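>>> My questions concern the predicted model and sequence given below.
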Amino acid sequence: MAQEQWLGEPIQIANPTDIAGVERLRRVVFGGGPDEPLKHLGESQTCYLLLNDAQWAGSEWVTDDGDALDYARFKGITTRETIDIIKSVIADGDLTADQGFDLMRQMTQVHGRSLRMPERAAELLR
């Protein structure tokens with residue numbers, strides 16, 4: 001399945017009030033500056049929609065961005081990290097702890113992602 005199909009249709013924020021709200025979050029909360037208009041844009045858009053659009057009320061968000069994670073949790077958004085998803089997949093029996101650990105290590109090495117990593121696979125069983 002193509003990534004675009006898996007992700008679904010992009011969400012468009014077109015209302016000027018919403019655009020201004022996203023930009024306010026991007027600058028004030030996440031520190032995005034006018035010279036880097038895309039910096040922290042995704043986090044700002046996601047937080048804004050989860051907090052202000054009834055269509056997304058009760059949604060869960062997965063992020064490994066520390067500032068976004070802290071802000072979302074402070075605002076009451078149910079937010080999980082990759083490690084939480086991997087632990088759930090292991091608990092469901094779809095991966096072993098060793099496979100989950102290897103997957104997370106690959107994510108950090110291949111994609112340059114910064115994740116909260118356990119020191120060893122057994123920690124994914126908690």
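That came in fine, so what should we check first?
>>> Please parse the chain into its domains.
Using automatic domain parsing, the domain parsing of the chain gives 13-79, 82-125.
>>> Just put these in CSV and tack on mean neighbour count, mean pLDDT and distance to Trp6.
All C-beta spots, glycine's among them, are computed from the backbone N, C-alpha and C. Compiled in CSV, those are given as follows (neighbours: other CB atoms under 10 Å; pLDDT from 0 to 100; distance: least, CB to CB, whole Å):
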stretch, mean neighbour count, mean pLDDT, distance to Trp6
domain 13-79, 15, 94, 14
domain 82-125, 14, 92, 15
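>>> closest one to Leu7 among those domains?
For the domains of the chain, the distance to Leu7 is smallest for domain 13-79, at 12.4 Å, taking CB to CB.
>>> now the closest one, how far from the chain's geometric center?
Distance of domain 13-79 from the chain centroid (CA atoms, centre = their mean, to the nearest Å) equals 10 Å.
>>> Stretch 73-85 too?
On CA atoms, centre = their mean, the centre of stretch 73-85 falls 8 Å from that of its chain.
>>> Check stretch 82-94 too.
Distance, stretch centre to chain centre, for stretch 82-94: 16 Å (CA atoms, centre = their mean).
>>> Would you quantify the distance from Thr82 to Arg26?
Counting by CB to CB, to the nearest Å, the separation of Thr82 from Arg26 is 23 Å.
>>> And Ile11, by the same measure?
Taking CB to CB as the measure, Ile11 and Arg26 are separated by 16 Å.
>>> list the contacts for the residue positioned nearest the centre of the chain?
The chain has Thr63 as the residue nearest its centroid, 2.0 Å off, counting by CA atoms, centre = their mean. Counting by CB atoms under 8 Å, 6 or more residues apart in numbering, Thr63 touches Glu43, Thr46, Leu69, Ala72, Thr79, Glu81.
>>> 7 Å instead, please
Listed by CB atoms under 7 Å, 6 or more residues apart in numbering, the contact partners of Thr63 are Glu43, Leu69, Thr79.
>>> Can I take it that the last one is in a helix?
No: assessed by DSSP: H, G, I helix; E, B strand; the rest coil, Thr79 does not belong to a helix; its assignment is strand.
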